[in-house]
Structures are given as C-alpha cells and as structure tokens.
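Participant: build the 3D model from these lines:
(one chain, ligands or ions: 1)
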Amino acid sequence: MPSHEQARPLLNAEALACRRGGRYLFKGLSFELAPGQALELRGANGSGKSSLLRLLAGLMPAAAGAARWSGQPAKAGQAGVAYLGHLNGLSPELSALDNLRFARQLSGDPAEPPDEALRAWGLEAVAMRPVQRLSQGQQRRTALARVGMARQRLWLLDEPCAGLDEAGERLFDARLAQHLAGGGLAVIATHQPLRLPAGQCRPLVLGQPTAC
Ligand SMILES: Nc1ncnc2c1ncn2[C@@H]1O[C@H](COP(=O)(O)OP(=O)(O)OP(=O)(O)O)[C@@H](O)[C@H]1O
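Facilitator: This next block holds a predicted model:
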C-alpha cells in the first residue's frame, strides 16, 4: 500500500448525533479512521454503541451530522463495508457452508472460498450441519467466517466475540490483525479491550444519554 494512502482517513464522522427514546445517545461526535486502524467502541449498556454502528452502516439516519465512507454518505449495503450486529443473520435451515455460498453469490465480490473461510474458523467438521443445530459459539464463528470471506475493507462489528470460547477469541484476534495489516479498517463495539498494539487501536467511549 502506498504510504500516502495509509494516512488518508476513509471513514469520517462529523458532528454526529443520535436520538432515541426522546434522548440524545450522543451528539457532536466526530472521528476519522484510516486504513490499518481500529476504533474500539466502549460504553455502558444502552450508551449507544450498537446505534452508532448501525448509523455508520447506513441502517439508521443520524439526527444531525454525517457519516462518510470513502467520501460518500453512509448508506445501507455500501460497497466495501461488512456489518455484523448482535444477530448473526444466518439462515437456520441452511448448512454453514450453504450460508457462506449463498452470501458469496449475493455479494458477487471476489472472496475467499467458503470452505476455506470455515476451515479458518475451525468449522470444517460441522460445515454441512444446519446452522440451527450448531452451538451459539459455532454460529458466531460462522458469521465471522462470512465477514472475513467477503474481504470488505471496513468491518463494523457489534460484540463479535460474544459466545466465543478462548480459542475463538484468539482466532478473532489473528483475523483482525491480518485484516488491519492488509489495509483494512474496523469499528468494534466491545466490553472487552481489543488485543491490538496501541498504535493500531483507538478507544472511543460513549457517555451517558442526555435529555433533548
Ligand atoms: N428501536 C429502538 N427504538 C427506541 N430506542 C431504542 C431502540 N433500540 C435501542 N434503543 C435505545 O437506545 C439506547 C442505546 O441502545 P444501543 O443498543 O445502541 O446501546 P449499546 O451501547 O449498544 O448497549 P449494549 O451494551 O447493551 O449492547 C438504549 O437506551 C435503547 O433502549
């Protein structure tokens, strides 16, 4: 990657405000993120982490301000962005492998082969099993395998390690480090600190909601 590209932020939040339930979860929130960087989104339950991720993904509008990805206003399904919320978004009747095959067909993007993506997450033995018969951790691993497979540049992840065992957390650490080393970006809501070098990761802590 050319050095000038490393410095140029691709994700920009300008004076963002989010209003829900008659209160501001946050307002005047500004930050930018460049390739190779992760934003660690922290804050108490209900502080607005999921809401901010949804806003960055273009899944809900901001009350004020703007979020931009690659210079364009955030919108649902934007190119180069992978979003994973609390829900895994998998089809329960389909096997893990068919879920990833289906996702690959839909995206049309050049991507890692589904079987390799599942193998990278240690799921080869259960790849043919319907997702509804996988454990919670295996389902989360499948969803994360789908994110990694798509090779999108920006990851927006909500509690990605929820339900993962220690080995799964280590796999996530490795995949995230690989993603950032390849010029990827990530915004990750988490209650556990990310295990990344300080220069690669910045914290953003959301405070208490305020009255409108
Ligand atoms: N659809 C909705 N309509 C109105 N208010 C909502 C809606 N979804 C969430 N909220 C409220 O917005 C606030 C922030 O919720 P959000 O899920 O963004 O917080 P969070 O920081 O991700 O919380 P957690 O750590 O518990 O996951 C909460 O007070 C919640 O009740």
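
Participant: stretch 122-129: how far from the chain's middle?
Facilitator: 23 Å (CA atoms, centre = their mean, to the nearest Å).

Participant: in CSV, list the C-alpha atoms belonging to it.
Facilitator: Provided in CSV are the C-alpha atoms of stretch 122-129 (Å, rounded to 0.1, in the frame of the first residue of the first chain):
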residue,chain,number,x,y,z
GLY,A,122,-12.2,-24.4,12.8
LEU,A,123,-15.7,-25.3,11.5
GLU,A,124,-14.8,-27.9,8.8
ALA,A,125,-16.3,-30.8,10.9
VAL,A,126,-19.7,-29.0,11.1
ALA,A,127,-19.7,-27.2,7.8
MET,A,128,-22.6,-29.4,6.4
ARG,A,129,-24.7,-29.2,9.5
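
Participant: show me the contact partners of it.
Facilitator: 95-97, 115, 118, 134, 138, 141-142, 145, 167-168, 171 (CB atoms under 8 Å, 6 or more residues apart in numbering). The C-beta positions use only the backbone N, C-alpha and C, and glycine is treated the same way.

Participant: out of the residues you listed, grab the one that's most surrounded.
Facilitator: Ala96 (30 neighbours; other CB atoms under 10 Å).

Participant: which residues does that one contact?
Facilitator: In this structure, Ala96 makes contact with 90, 118, 123, 126-129, 131, 134, 138, 142, 145, judged by CB under 8 Å, 6+ apart.

Participant: a markdown table for those, including distance to Arg54 and secondary structure?
Facilitator: Shown next, in a markdown table, are these (distance: CB to CB, whole Å; DSSP: H, G, I helix; E, B strand; the rest coil):
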| residue | distance to Arg54 | secondary structure |
| --- | --- | --- |
| Leu90 | 19 | coil |
| Leu118 | 27 | helix |
| Leu123 | 27 | coil |
| Val126 | 30 | helix |
| Ala127 | 30 | coil |
| Met128 | 33 | coil |
| Arg129 | 30 | coil |
| Val131 | 23 | helix |
| Leu134 | 26 | coil |
| Gln138 | 25 | helix |
| Thr142 | 22 | helix |
| Ala145 | 22 | helix |
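
Participant: which of those residues sits closest to the ligand?
Facilitator: Leu90 (19.9 Å; CB to the nearest ligand atom).

Participant: show me where the protein has its helices.
Facilitator: Ranges of helices within the chain are 3-7, 49-56, 96-107, 114-120, 136-150, 166-181, based on DSSP state H.

Participant: got the buried residues for the third one?
Facilitator: Okay, so that is helix 96-107. Within helix 96-107, the residues that count as buried by 16 or more other CB atoms under 10 Å are 96-100, 103-104, 107.
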